[in-house]
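Enquirer: Here is a sequence together with a model predicted from it:
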Amino acid sequence: MKEKKAVHVIISGRVQGVFFRMETRRTAQEFGVYGWVRNRPDGTVEAVFEGAADKVNLVIAWCSQGPSMAVVTDVKTDEIDYSGEFSDFSIRH
């Protein structure tokens, strides 16, 4: 069985109003990663990613660039306990 991983991520920069959440969901689904993404009031984007460690790492790497209109200045990641609680990837409001 592949190693499982879960991370909490905060992405800073010009990351709101540039389809960041929608493209994060698309990318996570493409890699079979579950969790959620949402905009925060401070202008950052927050996400939780769960899945195979190598696939989660690919989604985190994608977040460091984001969609074409985004300008990412920082990606903070904190490993959290893997729970397996997610069965899809959603956009939270």
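Expert: Arrived safely. Numbering: from 1, shown residues only.
Enquirer: Where do the helices of the protein begin and end?
Expert: Counting by DSSP state H, the chain has helices at residues 20-31, 53-63.
Enquirer: Mind putting these into CSV with mean pLDDT and mean neighbour count?
Expert: Backbone N, C-alpha and C define where each C-beta goes, glycine included. Listed next are the helices of the chain as CSV, based on pLDDT from 0 to 100; neighbours: other CB atoms under 10 Å:
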stretch, mean pLDDT, mean neighbour count
helix 20-31, 98, 19
helix 53-63, 98, 18
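Enquirer: Would you format these as a markdown table with distance to residue 41 included?
Expert: Listed next are the helices of the chain as a markdown table, based on distance: least, CB to CB, whole Å:
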| stretch | distance to residue 41 |
| --- | --- |
| helix 20-31 | 14 |
| helix 53-63 | 19 |
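Enquirer: Ok, which of the ones you listed comes nearest residue 6?
Expert: Within these, the stretch nearest residue 6 is helix 53-63; the backing value is 7.5 Å (CB to CB).
Enquirer: so that closest one versus helix 20-31, what angle?
Expert: Following axes from the mean of the first three to the mean of the last three CA atoms, to 10 degrees, one obtains 150 degrees for the angle between helix 53-63 and helix 20-31.
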